[in-house]
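1. Next come a sequence and a model predicted from it.
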Amino acid sequence: MLRQRPFAIIYFGGLSALTVLILAGVLGDLLPQSVAGTLARNSEAYVMVLVLSAWIALIRSRWTKWLTWSVTLVLTLVLVAISLLLLQVENSSLRTLNESTFALAILVAYVRLSRPLPVWAWALPAVAVALPMVFAGTTFATNGAESFGFLVLIPCTLDLVDRSILEPAQPERLGRVCGWVAFLILVPAVIALVRPDSPVGVMEEVLRYLSRPTEAFVSAVLLLLYFSLGRPEWVSWKDWKRHSPQRHDPDFAKDST
């Protein structure tokens, strides 16, 4: 049960409504075109944080290990299938979501790993950095920029900046969180200003490439806004039953057996 329920309703409800309006193509009818266009360009970020936030808060640590890993496998396969289907869709607003769903297929398994994180798991962000460098200039690197961005920034956010999100015993580091949020906001803003339209040379190519995964920066900021700054406190199913006032009700006990 979420103690800060109004914040959760605003967070999940607001992002869900925004995503639906974008996909329905009616956001521009409700907001100025400049604002609607900016919000719509980050639809992948909203899908990412909606699924990942719900996964962390509702499923990851609330069920048994065997059950969560079973659900993880099923969800990963479903997300991969959705990613492949989205690649066949002609609607660009839907098609572009394959970048976040593909990253989610990997991140739901990454998030489910027991903490402290095993050293080998850091191969994920390392590979996500290396692949665009190895395949620079190819369609694979260009089309996968958003996915690579998610696979770098989300692990860094969860396992370097605020480990208390996945490890409740870890101390809250508000200063580090605020610094990282400032970094996540400033970097894409600066890159947008200096990004060349017709890049020449390695440095300009890098700047042009780094301007692509803006959605990854947005998703990391939203995750920290909810889990680090909002500090939702979730009670597990076992704890809820243990402290529930109905625990001593004979009818409740009978139904629970």
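-> Received it, and whenever you're ready, just let me know what you need. The shown structure was predicted, so the numbers you read here are calculated from the model rather than taken from an experiment.
2. contacts, neighbours, all on C-alpha from now
-> Will do.
3. Can you get me a residue count around Ile22?
-> Ile22 has 21 neighbouring residues, counting by other Cα atoms under 10 Å.
4. got the contact list for it?
-> Ala40, Ser43, Ser93 (Cα atoms under 8 Å, 6 or more residues apart in numbering).
5. Arg173 too?
-> Arg173 neighbours (Cα under 8 Å, 6+ apart): Val161, Asp162.
6. ok, so what distance separates it from Ala123?
-> As judged by Cα to Cα, to the nearest Å, Arg173 and Ala123 stand 25 Å apart.
7. ok, now Gly13?
-> The separation that Gly13 has from Ala123, given Cα to Cα, amounts to 34 Å.
8. Please identify which of the two sits among more neighbours.
-> Shown here are Gly13 and Ala123; by other Cα under 10 Å, Gly13 has more neighbours (13 against 10).
9. The nearest residue to Ser83 once chain neighbours are set aside and Thr139, how far apart?
-> Distances taken as Cα to Cα, 6 or more residues apart in numbering place Asn98 nearest to Ser83, at 4.5 Å, with adjacent residues excluded. Distance, Asn98 to Thr139, using Cα to Cα: 15 Å.
10. Repeat that for Leu160.
-> Taking Cα to Cα, one finds Leu160 at 31 Å from Thr139.
11. Then Glu167?
-> 38 Å.
12. The two: who's more crowded?
-> Glu167 (15 against 10).
13. circling back: right, and the residue nearest to Ser83 touches Val89 too?
-> No: in this structure, Asn98 is not within contact of Val89 by Cα atoms under 8 Å, at 10.0 Å.
14. any weak-confidence spans in the stretch 151-257 of the chain?
-> Residues of the stretch 151-257 of the chain meeting the criterion pLDDT under 70: 231-257.
15. Helices of that one, residue ranges please.
-> Remark: helices assigned in the stretch 151-257 of the chain by DSSP state H, counting those that start in this stretch are 174-194, 202-210, 214-224, 237-243, 250-256.
16. buried stuff in the third one?
-> Along helix 214-224, these residues count as buried under the neighbour rule (16 or more other Cα atoms under 10 Å): Thr214, Glu215, Ala216, Phe217, Val218, Ser219, Ala220, Val221, Leu222, Leu223, Leu224.
17. Could you dump these into CSV and include distance to Leu58?
-> Shown next, in CSV, are the buried residues of helix 214-224 (distance: Cα to Cα, whole Å):
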residue, distance to Leu58
Thr214, 27
Glu215, 24
Ala216, 22
Phe217, 23
Val218, 22
Ser219, 18
Ala220, 19
Val221, 20
Leu222, 17
Leu223, 15
Leu224, 17
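18. Nearest to Ser198, out of those residues: which one, please.
-> Thr214 (19.0 Å; Cα to Cα).
19. Please tell me I have it right and the closest one contacts Glu44.
-> No: counting by Cα under 8 Å, Thr214 does not reach Glu44; the two are 9.7 Å apart.
20. and the helix or strand encompassing Val35, what does it pack onto?
-> Taking DSSP states H and E as the definition, Val35 sits inside helix 33-40. Helix 33-40 is packed against helix 27-30, with contacts defined by 3 or more Cα pairs under 8 Å, 6 or more residues apart in numbering; DSSP states H and E.
21. Next, count neighbours for Ser147.
-> Neighbours around Ser147, by other Cα under 10 Å: 23.
22. Check the gap between it and Glu172 for me.
-> 28 Å.
23. likewise Ala54?
-> 21 Å.
24. still on that earlier bit, what sits against the residue nearest to Ser83?
-> Taking Cα under 8 Å, 6+ apart as the test, what Asn98 contacts is Ile82, Ser83, Leu84, Leu86, Leu87.
25. Then Ile106?
-> So Ile106 contacts Thr76 (Cα under 8 Å, 6+ apart).
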